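Trainee: this is a predicted model, with the sequence first.
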Amino acid sequence: ILNVEQSPQSLHVQEGDSTNFTCSFPSSNFYALHWYRWETAKSPEALFVMTLNGDEKKKGRISATLNTKEGYSYLYIKGSQPEDSATYLCASSGSARQLTFGSGTQLTVLP
Amino acid sequence: DTEVTQTPKHLVMGMTNKKSLKCEQHMGHRAMYWYKQKAKKPPELMFVYSYEKLSINESVPSRFSPECPNSSLLNLHLHALQPEDSALYLCASSQDISEQYFGPGTRLTVT
């Protein structure tokens, strides 16, 4: 994998459903994996930064896992709410400061 | 204050105009970034300033000219842009190699 890839591109779920999406990234020269939540007309908001293989982070109903050996991360949302509707971006960074972003997963939670 | 501010929010300019985008942060961060994002695409890194010095220029055309007057401010001077330069321009800052804090962006339209 040369680029950061996210799937699915978009997702519609019902309020109360749990959901997850995937970020794939190059496993060579890996330093950190970042997840951002981006609501329309607002700033991307940092959710998690993970560096170690097997890392798991949690913030409220949102959690993320990291597998650096195979180059993927999952983001989970438990009991989705309409306010979770946003684009979720992941980005991979190497030893330099540069972030390489995926195209994002656009989540819509229907009431 | 954990906010990165950007002005203006929206900008429409002709191909012969000269304009500037501004970014400001007061978190004491020593690295600042400019990204460009086209619709449905990932944000792409343009420039990185570290300790007020340009450290990365991702082969950006010279019609984009960055400037870092001090550690809190980052400008992007625009001159003789093309319609394909229309995009969302995001500024970010970071203290170290961990999370970057983003502004809400400037939506630029070149006519």
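Mentor: Here it is on my side, so go on.
Trainee: would you map the helices across chain A?
Mentor: Under the criterion DSSP state H, chain A contains no helices.
Trainee: can you tell me the residue of it closest to chain B?
Mentor: A:F101 (3.7 Å; Cβ to the nearest Cβ). All C-beta atoms are positioned from the backbone trio N, CA, C, and that covers glycine.
Trainee: is that residue bridged to anything, and to what?
Mentor: A:A91 (DSSP bridges).
Trainee: how about the strands in the chain?
Mentor: With no chain named, the answer covers chain A. Listed in chain order, the strands found in chain A under DSSP state E are A:5-7, A:10-14, A:19-24, A:32-38, A:45-50, A:56-59, A:62-67, A:72-77, A:86-93, A:99-101, A:105-110.
Trainee: looking at chain B here, not the other one
Mentor: Using DSSP E, strands in chain B cover B:4-7, B:10-13, B:18-25, B:31-37, B:44-50, B:53-57, B:64-70, B:73-79, B:87-94, B:101-102, B:106-110.
Trainee: and these as TSV, adding mean neighbour count?
Mentor: Converted to TSV, the strands of chain B look like this (neighbours: other Cβ atoms under 10 Å in any protein chain shown):
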stretch	mean neighbour count
strand B:4-7	18
strand B:10-13	14
strand B:18-25	19
strand B:31-37	23
strand B:44-50	20
strand B:53-57	12
strand B:64-70	15
strand B:73-79	18
strand B:87-94	23
strand B:101-102	22
strand B:106-110	18
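Trainee: what's the least confident stretch among those strands?
Mentor: Lowest mean pLDDT of the strands of chain B: strand B:53-57, a mean of 90.
Trainee: what strands flank that strand, and is each parallel or antiparallel?
Mentor: For strand B:53-57, pairing defined by DSSP bridges yields strand B:44-50 (antiparallel).
Trainee: how far is the partner strand from where the chain is centred?
Mentor: 8 Å (Cα atoms, centre = their mean, to the nearest Å).
Trainee: dump it to PDB, keeping only the CA atoms.
Mentor: What follows is strand B:44-50, C-alpha atoms only, in PDB (Å, rounded to 0.1, in the frame of the first residue of the first chain):
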ATOM      1  CA  GLU B  44      -2.400  17.600   0.600                       C
ATOM      2  CA  LEU B  45       0.600  19.100   2.400                       C
ATOM      3  CA  MET B  46       2.000  22.200   0.700                       C
ATOM      4  CA  PHE B  47       4.400  23.800   3.200                       C
ATOM      5  CA  VAL B  48       5.900  23.200   6.700                       C
ATOM      6  CA  TYR B  49       7.500  25.900   8.800                       C
ATOM      7  CA  SER B  50       9.600  24.800  11.800                       C
END
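Trainee: residues contacting it, please?
Mentor: A:97-101, B:30-37, B:54-58, B:60, B:64, B:66, B:68, B:74, B:76 (Cβ atoms under 8 Å, 6 or more residues apart in numbering or on different chains).
Trainee: rerun that using 7 Å as the cut-off
Mentor: A:97-99, B:30-37, B:54-58, B:60, B:64, B:66, B:68, B:74 (Cβ atoms under 7 Å, 6 or more residues apart in numbering or on different chains).
Trainee: relative to strand B:64-70, how tilted is it?
Mentor: Angle, strand B:44-50 to strand B:64-70, by axes from the mean of the first three to the mean of the last three Cα atoms, to 10 degrees: 30 degrees.
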